[in-house]
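In: need a structure here:
(chains A and B)
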Protein chains: 2
Amino acid sequence: MIGVFDSGLGGLTVVKEIRKSLPDADIIYLGDTARVPYGTRSSETIRKFAEEDTKFLLDKNVELIVVACNTVSSLALDVVKKFSNVSVLGVINPATKKALKVSKLKKIGLVGTRATVNSNAYKEVTMRRQASMLVPLIEEGFIEGPEIDLFIKKYFSDFKDRVDALILGCTHYPLIKDNINNYLGGKIKLIDPAEEVAKEVYEIAKDFKGTSKTRYFLTDVNKRFLETAKMFLGEDILDKVAKVEI
Amino acid sequence: MIGVFDSGLGGLTVVKEIRKSLPDADIIYLGDTARVPYGTRSSETIRKFAEEDTKFLLDKNVELIVVACNTVSSLALDVVKKFSNVSVLGVINPATKKALKVSKLKKIGLVGTRATVNSNAYKEVTMRRQASMLVPLIEEGFIEGPEIDLFIKKYFSDFKDRVDALILGCTHYPLIKDNINNYLGGKIKLIDPAEEVAKEVYEIAKDFKGTSKTRYFLTDVNKRFLETAKMFLGEDILDKVAKVEI
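Out: Reported below is the predicted structural model:
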């Protein structure tokens, strides 16, 4: 069984990618929707939350933990590993590996939450920008139109002619990948960490026996969260979701 | 001692108003910055958080609890009252009273978080709109410029010619009151619940003896939160702040 966790629902993009390559796998997803977002909080608080998320998944007897959240991967991957007796994968290394592979100039950009960008993670990037408004905009459904275009211009214009690969360092951003690509004129290769970590999950979990089940545990559930989940996953989770306290 | 709480830092606008009329009062502020925002979460979770916030303030021996948060005032004021053996003031009643007083046509609008607007609170309003992006925009410092203007147009245009009083139903909104007023051409009276609740606090607390102390308790502290606090309060809280778990 593969355990995936995220601060909220963005990590469902990682579940979607894993499911593509491992149709038989059993997957448990934990989204800390009662405390999302993590990316604006202190390192101390993020590390405390990461510990609680990890213990919840271990109690469910997962054989592999995937930290879908870039903020946790950046600031607390050591915490997750410390408490785990199973393999742990974060999104930083797979994304960085891909960026180094596709960047000809070795000029790599990173956009992410304030916590991710201010952390010491993603050491190989040569230019980093926080893009704090993108998460709420995407969660509110502003994935196209003048509002998101205004902020894409704000956050991405500096990267033009300065990098040739750009890590989308938050699970929300792939939802506006096409708009970003259009704005950048297709000149910068965009790296989606969800796709890259899914490849590493495949290598570890390809021989796991499973029954194709996915269960979703959320620390808060309301109508809006279920709509947001559908936006990230492309399908309803209504009959597979349970509310939990962690 | 007066206890004030909010989901985050917006409630500092209420502290600021109370301080104006009661310079000698002792005030304790609790901001649940580890779990802000509340306005996107379920009623069940908001009520649980409200109970925890209330118990924290009661443990500090406050003589009056002011619920600065519109979301908690809308969905969980009964919870706060249930656990309190002291007076409790929310922002709904004071704001509604003022709106009824200034509205000649009895056409009253409300802007607030999704949870506030979808609740049964603010029964007297005749038109309500959620404005979920305003909180993150203001917290990120977009209090003037094309970004906030775009969203003010989006959220406030419907109110034109339909109401003559408008309740700013979230402690963040007073920071962009002038922009909203400009956009509406000064034709709609804007009600700031922080100002109105402060008047009721004055009536209850004017005879309290105090030493002009204010202490700030936050469930998460980082540089950014301190900057945001300064934006709401107009002064630094650095040497008066303590991090707490609730």
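In: can you list the residue ranges for strands in chain A?
Out: A:2-6, A:27-31, A:64-67, A:87-89, A:108-112, A:127-130, A:165-169, A:189-191, A:214-218, A:241-243 (DSSP state E).
In: so which residues on chain A come close to chain B?
Out: Residues of chain A lying close to chain B by Cβ under 8 Å from any Cβ of the partner chain are A:33-35, A:40-45, A:114, A:132-133, A:136-137, A:139-140, A:142, A:146-147, A:150-151, A:154, A:219-222, A:224-225. The way it works is simple: take the backbone N, C-alpha and C, and place the C-beta from them, glycine included.
In: ok, of those residues, which come out buried?
Out: Buried subset of the residues of chain A next to chain B (neighbour count, 16 or more other Cβ atoms under 10 Å in any protein chain shown): A:33-35, A:40-42, A:45, A:114, A:132-133, A:136-137, A:139-140, A:142, A:147, A:150-151, A:154, A:219-222, A:224-225.
In: circling back: adding distance to residue B:53 and mean pLDDT, write the strands of chain A out as a markdown table.
Out: Formatted as a markdown table, the strands of chain A follow (distance: least, Cβ to Cβ, whole Å; pLDDT from 0 to 100):
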| stretch | distance to residue B:53 | mean pLDDT |
| --- | --- | --- |
| strand A:2-6 | 26 | 98 |
| strand A:27-31 | 23 | 98 |
| strand A:64-67 | 30 | 98 |
| strand A:87-89 | 34 | 98 |
| strand A:108-112 | 31 | 98 |
| strand A:127-130 | 29 | 97 |
| strand A:165-169 | 33 | 98 |
| strand A:189-191 | 41 | 98 |
| strand A:214-218 | 22 | 98 |
| strand A:241-243 | 21 | 97 |
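In: need the ones you listed in CSV (columns: mean neighbour count).
Out: CSV is the format used below for the strands of chain A (neighbours: other Cβ atoms under 10 Å in any protein chain shown):
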stretch, mean neighbour count
strand A:2-6, 28
strand A:27-31, 26
strand A:64-67, 26
strand A:87-89, 20
strand A:108-112, 27
strand A:127-130, 17
strand A:165-169, 27
strand A:189-191, 22
strand A:214-218, 21
strand A:241-243, 14
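In: ok, which of the ones you listed comes nearest residue A:54?
Out: strand A:64-67 (6.6 Å; Cβ to Cβ).
In: other SSEs contacting that closest one?
Out: Here strand A:64-67 touches strand A:2-6, helix A:43-59, helix A:77-83, strand A:87-89, helix A:193-205, going by 3 or more Cβ pairs under 8 Å, 6 or more residues apart in numbering or on different chains; DSSP states H and E.
In: name the residues that touch it?
Out: A:1-5, A:14, A:18, A:50, A:54, A:57-58, A:73, A:77, A:80, A:84, A:86-91, A:197, A:201, A:204-205, A:208 (Cβ atoms under 8 Å, 6 or more residues apart in numbering or on different chains).
In: how does it look with 6 Å?
Out: A:2-4, A:57, A:73, A:80, A:84, A:86-90, A:201, A:204-205 (Cβ atoms under 6 Å, 6 or more residues apart in numbering or on different chains).
In: got it, and stretch A:168-185?
Out: Under Cβ under 6 Å, 6+ apart, the answer for stretch A:168-185 is A:10-11, A:13, A:68, A:70, A:110-113, A:116, A:135, A:138, A:143, A:152, A:156, A:190, A:192.
In: low-scoring stretches of chain A, by residue?
Out: For chain A, no stretch has pLDDT under 70.
In: so what's residue A:138 closest to, chain neighbours aside?
Out: Once flanking residues are discounted, residue A:138 sits nearest to residue A:172: 4.5 Å by Cβ to Cβ, 6 or more residues apart in numbering or on different chains.
In: distance of the one you found from residue B:228?
Out: Computed as Cβ to Cβ, to the nearest Å, the residue A:172 to residue B:228 distance reads 22 Å.
In: please apply the same query to residue A:43.
Out: 17 Å.
In: let me see the domain layout of chain A.
Out: A:2-90+A:195-243, A:92-193 (automatic domain parsing).
In: what is the end-to-end distance of the first one?
Out: When you say that, I think you mean domain A:2-90+A:195-243. Across domain A:2-90+A:195-243, the terminal residues are separated by 19 Å (Cα to Cα, to the nearest Å).
In: so how far is it from its chain's centroid?
Out: Computed by Cα atoms, centre = their mean, to the nearest Å, the chain-centroid distance of domain A:2-90+A:195-243 equals 9 Å.
In: same check, this time on the last one
Out: Its chain's C-alpha centre lies 13 Å from the corresponding centre of domain A:92-193 when counted by Cα atoms, centre = their mean.
In: give me the phi and psi for the residue most central in space within chain A.
Out: Closest to where the C-alpha atoms of chain A average out (Cα atoms, centre = their mean) is residue A:171, at 3.2 Å. Phi and psi for residue A:171, reported as degrees, to the nearest 10, are phi -60, psi -20.
In: how much space separates the residue nearest to it when sequence neighbours are not counted from chain B?
Out: Of all residues beyond its chain neighbours, the one nearest residue A:171 is residue A:10 (3.2 Å), with distances taken as Cβ to Cβ, 6+ apart. Relative to chain B, residue A:10 is positioned 14 Å away (criterion: Cβ to the nearest Cβ, to the nearest Å).
In: now do residue A:1
Out: 27 Å.
In: the residue lying closest to that residue once chain neighbours are set aside: neighbouring residues, count only.
Out: Take residue A:1 and drop its neighbours on the chain: the residue closest to it by Cβ to Cβ, 6+ apart is residue A:26, 4.5 Å away. Residue A:26 is flanked by 19 other residues according to other Cβ atoms under 10 Å in any protein chain shown.
In: I figured residue A:26 hits residue A:4, correct?
Out: No. Applying Cβ atoms under 6 Å, one finds residue A:26 not in contact with residue A:4, separated by 11.4 Å.
In: where helices are concerned, which of the contacts of stretch A:168-185 count?
Out: A:13, A:70, A:116, A:135, A:138, A:152, A:156 (DSSP state H).
In: what's the fourth one in contact with, if anything?
Out: With contact set as Cβ under 6 Å, 6+ apart, residue A:135 has these partners: A:37, A:172.
In: that one and residue A:41, how far apart?
Out: 13 Å.
In: next, count neighbours for the closest residue to residue A:198 other than its chain neighbours.
Out: Among residues not flanking residue A:198 along the chain, residue A:17 sits closest, at 3.5 Å (Cβ to Cβ, 6+ apart). Using other Cβ under 10 Å, residue A:17 has 22 neighbouring residues.
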